[in-house]
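> Model the following, please.
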Amino acid sequence: SSTAAAPHADAAPSSLPSTSSAIDPGSVHTADTSKLLGRMWGAGIVSPWLYYMGVYSMFGMHFEDYAFGSANVIIAEPETQAWVIWYHVPRSALELLHEFLRGHLGSNYTLECLEGRRIWVDPYTLSKWRSPQSGAQVPVYRTVQGPGEYVLTDYGGVHWGVNLGVGWKAAVNFAFPNWLPAAKQVNQMMKRIEKDCGEKRHYRSVPDFDQKIFQDFQWSWQKTTQQ
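From the prediction side, this is the model:
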């Protein structure tokens, strides 16, 4: 969506994967990319993370490694009341969100601020903010997840939330064939954000597809997904 949603609007994350089978990123190998892949894939990317949920515990605003999607399930019986409220900002608003964070965090802002899960932003405040430069608003969506239900976050989207009960939540990243064009879009956004703030991104943020090693990776990815 390119327009701002109503505060706390109930909506699923945008543009969920449209293909029937995901690609294991670890299967994308060439001689030139094997060293890169050795440091890219780790826990939570090709193997799940398991999280303990406490009552009213929160998970901070964050952006998945390499702009991947994320599949999240609550492992609990329905009667446990282990619910989670998610807030989402789609990747189309990534630059606007960083503009908000620069003003909101001041000297504490860094380009990597969405990678540490240390930030909590009131979704109502964020949804009401308008860019001083363009007048645009950040679209904020809310999803309520129940026990046994899955939430899929979109490529390059930013999300955060609060746990309402006691239980366990499992999460793992994924990438369907349509990840590559989405990641390229995020890459261009990150280049503009880098220019605005004068910082360089961490390599786990999203690939810089202008670098030769990632150009080789693109070729390998496209070859694998076409098989």
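> what about this protein, any weak spots by pLDDT?
Within the chain, the stretches with pLDDT under 70 are 1-46, 203, 212-227.
> top helix in it by residue count?
Secondary structure of the chain per DSSP state H: the longest helix is helix 179-197.
> Go through it and flag the buried ones.
By 16 or more other Cβ atoms under 10 Å, the buried positions in helix 179-197 come out as 179-180, 182-183, 185-187, 189-190, 193. No exception for glycine: its C-beta is placed from N, CA and C like everyone else's.
> Gly148 and Gly165, how far apart?
13 Å (Cβ to Cβ, to the nearest Å).
> Which one's more surrounded, the two?
Neighbour count, other Cβ atoms under 10 Å: between Gly148 and Gly165, Gly165 has more, with 18 against 13.
> ok now do the more buried one, which residues does it touch?
Shown in contact with Gly165 (Cβ atoms under 8 Å, 6 or more residues apart in numbering): 53, 55, 76, 80-83.
> overlap in contacts of Gly148 and Gly165?
With contacts taken as Cβ under 8 Å, 6+ apart, Gly148 and Gly165 have Ala76 as neighbours in common.
> Assign the residue of the chain most remote from its centre to helix, strand or coil.
Distance to the chain centre peaks in the chain at Glu79, reaching 29.7 Å (criterion: Cα atoms, centre = their mean). What DSSP: H, G, I helix; E, B strand; the rest coil gives for Glu79 is helix.
> Now do it against Gly167, distance only.
Relative to Gly167, and taking Cβ to Cβ, Glu79 is found at 11 Å.
> Show me the strands in the protein, by range?
Counting by DSSP state E, the chain has strands at residues 9-10, 49-53, 58-63, 69-75, 84-89, 141-145, 150-153, 158-163, 167-174.
> Gln133: which of these is closest?
Gln133 lies closest, by Cβ to Cβ, to one member of the strands of the chain: strand 84-89, at 17.7 Å.
> quick one: strands adjacent to that closest one?
Using DSSP bridges, strand 84-89 pairs in its sheet with strand 141-145 (antiparallel), strand 158-163 (antiparallel).
> do you know which of these lies nearest Cys113?
For Cys113, the closest of the strands paired with strand 84-89 is strand 158-163, at 10.7 Å, according to Cβ to Cβ.
> which outside residues touch the closest one?
The contact list for strand 158-163 (Cβ under 8 Å, 6+ apart) reads 13, 53-63, 70, 82-89, 91, 94, 97, 114, 117, 119-121, 153, 169.
> Nothing else from me, thank you.
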